[in-house]
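Chemist: build me a structure from this.
(chains A and B)
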Amino acid sequence: MSSTSVAGPASATAERPVFSELTLAKTRARRRRAAGSAARTAIQAALIVIWCLLPFYWMIVTAFRDVGYTFEANPLPDHVTLNNFATAFDPANNQLGLGLANSLFIGTTVTIIALVVGVFAAYALARLTFPGKGFVMGFVLGASMFPGVALLTPLFGLFTDIGWAGTYQALIIPYISGALPLTVYTLNSFFREMPWELEEAARIDGCTAAQAFRIVILPLAAPAVFTTAILAFIASWNEYLLASVLHSNQTQTVTTVIGQFTGSQPHQVPYTATMAAGVVVTVPLIILVLIFQRRIVAGLTAGGVKG
Amino acid sequence: MTTADPTTAIATSPGDGRRPGRDSLDANRRREVRNAYLLLLPTIVVMAVVVGYPIILSVFNSFQADSHIDPNTGFAVTGGFVGLENYTHWLLQQCATATGTHVACASGTLAASFWNSVFVTFFFAVVTVVLETIFGLWMAIIMNRNFRGRGILRAAVLVPWAIPTAVTAKLWYFIFANGGIANTILNANIIWGSDLWASRFAIVIADTWKTTPFMALLILAGLQLIPEDVYEAARMDGATTVQQFFRITLPLLRPALVVAILFRTLDALRMYDLPQILTGGGGGRGDATTTLSILVVDQVKSGLNSASALSTITFIIIFVVAFIFIRLLGANITGSEKKARKVAKEV
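Modeler: Model (predicted):
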């Protein structure tokens, strides 16, 4: 029956042995095609990996290359030195260490505030029914798509007027405007997929509401909260627009340090030292991302495919 | 909004107005609504302070005059209602003179490059989003296949995404340097930093490299929702790979694709970091890569109220684009079930 449909109407009247030969030939052809397509997939996958990693590889090679050989085209590491890192961290040139500390401090503060405030809203949006839910959701999403420059001008004037220009709160406050919607949105997506029936089951088995929350819900929600925290932290660590205008020497973040990187020699662009600084800023982030790869991908795409 | 709510289903079912326990169900329902608003309150308050207040302030400021010479007294004054003057300054390039009249702004002023910035912003948005969608779709299809080493591929695409844009910009700044590796490989002498179109395409290439993986991950998540048996059935019916792509993959991927494109477009319209660092916000004659965001930051230093008008214009442009997107393509961004059902019915 099935061979008839594969062979098509033209051969429908032919003898039975002809069918099986035909199907055999088709199976063999399909196997050949399968082998060929596996090879094609592998080649394309290799192309993508190379495209994604090559510029990053070039940054690492340059970071370890002697400044005298900056424009050496050798794709393999040569003239290896650690001097670029020393130059990058030299406070006479750049405040890279201070920038790292500032970004860590600001990122952590923003993430904690956004999580503490946003977790309640995310829970309400995921679990409760109330009028205006769609509006609140749209508002949260709209806020996360908000252009940073629209906040920059009023805040710049406002912070100057109240004497907050160049303080930490002058960066933390606008950063929350980006981190909070992101937190609510991502957590909401995670919460919607949690097995909340377990909470009810725990209550029926004799847990108090607090116990059910502590023993059942918290362990389930912890990974979601943690992933959201990583995403919020990365977003604030990578922020540049607001930082570039609202920072002072004291509060410069790591992105502003990199953006205005200067070398020890005037009139010479410090490419190798900049690449070294780039490696310092990027590698911890990449390690973090690779360790929590699955969760981060889940968090990144959580909102996008719900439709 | 939701249908799976047993309490309302019972309470509002017709002809049972006297059902016992109805009052307590209503009370439960009221309590749930009150709790929801209580839980939302902190977020709403914080957003009102960090976003709502600055925006209102910004719109108010955009109707105030920047520091200027009062033509009657000859003194420098700041403030005072000036109507739409700050907006016409940008949209029509009208600059105030010392005598209080308005003339066309001289070329080289920030206002004169407004429409150029609008063009640059949309050019970057359209070109990068088109490229990122095509490459992202390709990457996602490969990532969705089963093969050995898929883990390496999925890890590799996260690398460009994780690198801060400021670092990405410096990295490509080095790659596109005069003696840099791009020119060495192309065996050319392209001056990426200051040639009009070369500097624009340097930004496009760097942005495509950095953001395609994000697009690919969003699309991949959509691909994984398509059940494998749909393809199996299509193969049984003799559909070719190309037919399968256009008749199954694309239509079923549409909701995820629309959301991904919307997110990326809105993000691309506020592009700042890459052109600011890679080409110093200039390139070409000095404004080849000046996006609207860069223009606002430049203006902040020389007149906040005028900058407020410009940032309001930028905000409105992005808002209008988002609105058109959602209306035309029916992007279901809030994940509301009503819309999802409608889309499901259409498919």
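Chemist: how about A:T108: what's its closest non-neighbour residue?
Modeler: Nearest residue to A:T108 in three dimensions, chain neighbours excluded: A:F233, at 7.1 Å (C-beta to C-beta, 6 or more residues apart in numbering or on different chains). Quick note: C-beta positions are derived from backbone N, CA and C, even for glycine.
Chemist: what sits against residue 145?
Modeler: If you meant another chain, say so; for now it's chain A. B:263, B:266-267, B:318, B:322 (C-beta atoms under 8 Å, 6 or more residues apart in numbering or on different chains).
Chemist: wrong chain, I was asking about chain B
Modeler: Taking C-beta under 8 Å, 6+ apart, one finds A:T41 in contact with B:R145.
Chemist: pLDDT score assigned to B:V320?
Modeler: In the predicted model, B:V320 carries a pLDDT score of 91.
Chemist: before we move on, what about the one 3 residues further on?
Modeler: For B:F323, the model assigns a pLDDT of 87.
Chemist: with A:P17 instead?
Modeler: Per-residue confidence at A:P17 stands at 52 (pLDDT).
Chemist: cool, and the one 4 residues further on?
Modeler: Model confidence at A:E21, given as pLDDT, is 65.
Chemist: sorry, back to before: need the contacts of A:M145 in CSV (columns: neighbour count, distance to A:G36 and secondary structure).
Modeler: Shown next, in CSV, are the contacts of A:M145 (neighbours: other C-beta atoms under 10 Å in any protein chain shown; distance: C-beta to C-beta, whole Å; DSSP: H, G, I helix; E, B strand; the rest coil):
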residue, neighbour count, distance to A:G36, secondary structure
B:F263, 22, 36, helix
B:L266, 21, 41, helix
B:D267, 18, 38, helix
B:I318, 23, 46, helix
B:A322, 20, 44, helix
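Chemist: of those residues, which are in range of chain A?
Modeler: Of the residues in those, proximity to chain A by C-beta under 8 Å from any C-beta of the partner chain holds for B:263, B:266-267, B:318, B:322.
Chemist: give me the longest helix you can find in chain A.
Modeler: Longest helix of chain A, by residue count under DSSP state H: helix A:16-63.
Chemist: tell me what that one is packed against?
Modeler: With contacts defined as 3 or more C-beta pairs under 8 Å, 6 or more residues apart in numbering or on different chains; DSSP states H and E, the secondary structure elements packing on helix A:16-63 are helix A:2-7, helix A:271-291, helix B:114-144, helix B:150-156, helix B:158-162, helix B:165-175, helix B:196-223.
Chemist: most tightly surrounded among the ones you listed?
Modeler: For the helices and strands packed on helix A:16-63, the largest average neighbour count (mean count of other C-beta atoms under 10 Å in any protein chain shown) is found in helix B:165-175, namely a mean of 26.
Chemist: which is the next helix or strand following that helix?
Modeler: Once the chain leaves helix B:165-175, the next helix or strand it forms, by DSSP states H and E, is helix B:181-186.
Chemist: so, low pLDDT: which residues of the chain?
Modeler: No chain was given, so I picked chain A. Segments of chain A classed as low confidence (criterion: pLDDT under 70) are A:1-22, A:33, A:266, A:303-307.
Chemist: that's the other chain; I wanted chain B
Modeler: For chain B, residues meeting the criterion pLDDT under 70 lie at B:1-22, B:68-79, B:98-100, B:281-285, B:330-347.
Chemist: can you list the domains in it?
Modeler: Per the record, chain B has its domains at B:6-48, B:68-104, B:113-346, by automatic domain parsing.
Chemist: most tightly packed of those?
Modeler: Among the domains of chain B, judged by mean count of other C-beta under 10 Å, the one packed with the most neighbours on average is domain B:113-346 (a mean of 19).
Chemist: got a list of what the residue lying closest to B:R154 once chain neighbours are set aside touches?
Modeler: In space, not counting the residues next to it along the chain, B:R154 is nearest to B:M143; the distance is 6.0 Å by C-beta to C-beta, 6+ apart. B:M143 is in contact with B:150, B:153-154, B:157, B:216, B:220, counting by C-beta under 8 Å, 6+ apart.
Chemist: at 7 Å what do you get?
Modeler: When the contact criterion is C-beta atoms under 7 Å, 6 or more residues apart in numbering or on different chains, the partners of B:M143 are B:150, B:153-154, B:216, B:220.
Chemist: can you list the neighbours in contact with stretch A:37-45?
Modeler: For stretch A:37-45, the external contacting residues (C-beta under 7 Å, 6+ apart) are B:142, B:145, B:147, B:149, B:153.
Chemist: how many other residues sit next to the nearest residue to the fourth one once chain neighbours are set aside?
Modeler: Distance criterion C-beta to C-beta, 6+ apart; nearest residue to B:G149, sequence neighbours excluded, is A:A45 at 6.5 Å. Counted with other C-beta atoms under 10 Å in any protein chain shown, residues neighbouring A:A45 total 22.
Chemist: just the element for the residue positioned nearest the centre of chain A, please.
Modeler: Residue closest to the mean C-alpha point of chain A, counted by C-alpha atoms, centre = their mean, is A:L231 at 5.7 Å. Using DSSP H and E, the element containing A:L231 is helix A:218-238.
Chemist: what lies in contact with that helix?
Modeler: A:103, A:106-107, A:110-111, A:114-115, A:119, A:175, A:178-179, A:182-183, A:186-187, A:190-191, A:194, A:255, A:285, A:288, A:292, A:295-296, A:298-300, B:164-165.
Chemist: residues near B:Q64, how many?
Modeler: If you count neighbours by other C-beta under 10 Å, B:Q64 ends up with 18.
Chemist: list the contacts of it.
Modeler: B:Q64 makes contacts with B:79-82, B:305, as judged by C-beta under 7 Å, 6+ apart.
Chemist: save those as TSV, and put in secondary structure and distance to chain A too.
Modeler: Compiled in TSV, the contacts of B:Q64 are given as follows (DSSP: H, G, I helix; E, B strand; the rest coil; distance: C-beta to the nearest C-beta, whole Å):
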residue	secondary structure	distance to chain A
B:G79	coil	12
B:G80	coil	16
B:F81	strand	17
B:V82	coil	16
B:N305	helix	8
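Chemist: which of these lies closest to B:A125?
Modeler: Of all those, B:A125 sits closest to B:N305, with 27.2 Å by C-beta to C-beta.
Chemist: what sits against that closest one?
Modeler: With contacts defined as C-beta under 7 Å, 6+ apart, the neighbours of B:N305 are B:61-62, B:64-66, B:86.
Chemist: cutoff 6 Å now
Modeler: Listed by C-beta atoms under 6 Å, 6 or more residues apart in numbering or on different chains, the contact set of B:N305 reads B:61, B:64, B:66, B:86.
Chemist: now the residues you listed in a markdown table, with secondary structure?
Modeler: As requested, the contacts of B:N305 are arranged in a markdown table below (DSSP: H, G, I helix; E, B strand; the rest coil):
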| residue | secondary structure |
| --- | --- |
| B:N61 | helix |
| B:Q64 | strand |
| B:D66 | coil |
| B:N86 | helix |
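Chemist: among those residues, which one lies nearest to A:A25?
Modeler: A:A25 has its nearest neighbour among those in B:N86, at 75.7 Å by C-beta to C-beta.
Chemist: if I look at B:I261, how far off is A:A298?
Modeler: Between B:I261 and A:A298 the distance, using C-beta to C-beta, to the nearest Å, works out to 21 Å.
Chemist: revised request: answer the last question for A:I287.
Modeler: The spacing between A:I287 and A:A298, counted by C-beta to C-beta, is 19 Å.
Chemist: repeat for A:N74
Modeler: In this structure, A:N74 lies at 40 Å from A:A298, with C-beta to C-beta as the measure.
Chemist: comparing those two, which residue is more hemmed in?
Modeler: The residue with more neighbours, out of A:N74 and A:A298 and counting by other C-beta under 10 Å, is A:A298; that gives 19 against 10.
Chemist: got the angle for the helix holding A:L231 vs helix A:271-291?
Modeler: Angle between the axes of helix A:218-238 and helix A:271-291 is 170 degrees (criterion: axes from the mean of the first three to the mean of the last three C-alpha atoms, to 10 degrees).
Chemist: which residues sit against the helix or strand following helix A:218-238?
Modeler: Tracing the chain past helix A:218-238, the next element assigned as helix or strand by DSSP H and E is helix A:241-246. The set of residues that contact helix A:241-246 without belonging to it, under C-beta under 6 Å, 6+ apart, is A:148, A:152, A:170-171, A:174, A:253, A:255-256, B:272, B:297.
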